[in-house]
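Q: here is the input, now give the coordinates:
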Amino acid sequence: MAIEVKKLTREFSYNGMTLMDPGPTFTPDQVRDVYSAQYPELTTAAVDGPEHKGEVARYTFVRAAGAKGAHAQI
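A: Now for the predicted structure:
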């Protein structure tokens, strides 16, 4: 019985958008850091996944939920 090795394609998602993978040498956290220059709210986002669908491994950037403003409890 032969074992077939397939390379997974990584996909990154944020706020309904699909973001390109800058390269397989980047960890998902590093990919988030690359895109945080364009989307500053990603600096505090969590990386969810991967969710596997066929040959695609999809990571989702999830913004951190929290209180904002002068009345936020610390």
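Q: ok, for Lys7, nearest residue in space, not its chain neighbours?
A: Nearest non-adjacent residue to Lys7, counting by Cβ to Cβ, 6 or more residues apart in numbering: Glu55, 7.5 Å away. (Glycine included, C-beta is placed from N, CA and C.)
Q: would you mind stating the distance between the one you found and Glu4?
A: 11 Å (Cβ to Cβ, to the nearest Å).
Q: tell me which of these two has more neighbours.
A: Glu55 (9 against 4; other Cβ atoms under 10 Å).
Q: just the CA trace of stretch 28-41, in CSV.
A: Taking C-alpha atoms only, stretch 28-41 is exported to CSV below (Å, rounded to 0.1, in the frame of the first residue of the first chain):
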residue,chain,number,x,y,z
PRO,A,28,0.5,31.7,11.7
ASP,A,29,1.5,34.3,14.4
GLN,A,30,4.1,35.8,12.1
VAL,A,31,1.5,36.0,9.3
ARG,A,32,-0.8,37.9,11.7
ASP,A,33,2.1,40.3,12.5
VAL,A,34,2.7,40.9,8.7
TYR,A,35,-0.9,41.8,8.2
SER,A,36,-1.1,43.9,11.4
ALA,A,37,0.6,46.8,9.5
GLN,A,38,-2.4,46.9,7.1
TYR,A,39,-5.0,45.9,9.8
PRO,A,40,-3.8,47.4,13.1
GLU,A,41,-6.6,45.6,15.1
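Q: in that stretch, which residues are buried?
A: Pro28, Val31, Arg32, Val34, Tyr35, Tyr39 (16 or more other Cβ atoms under 10 Å).
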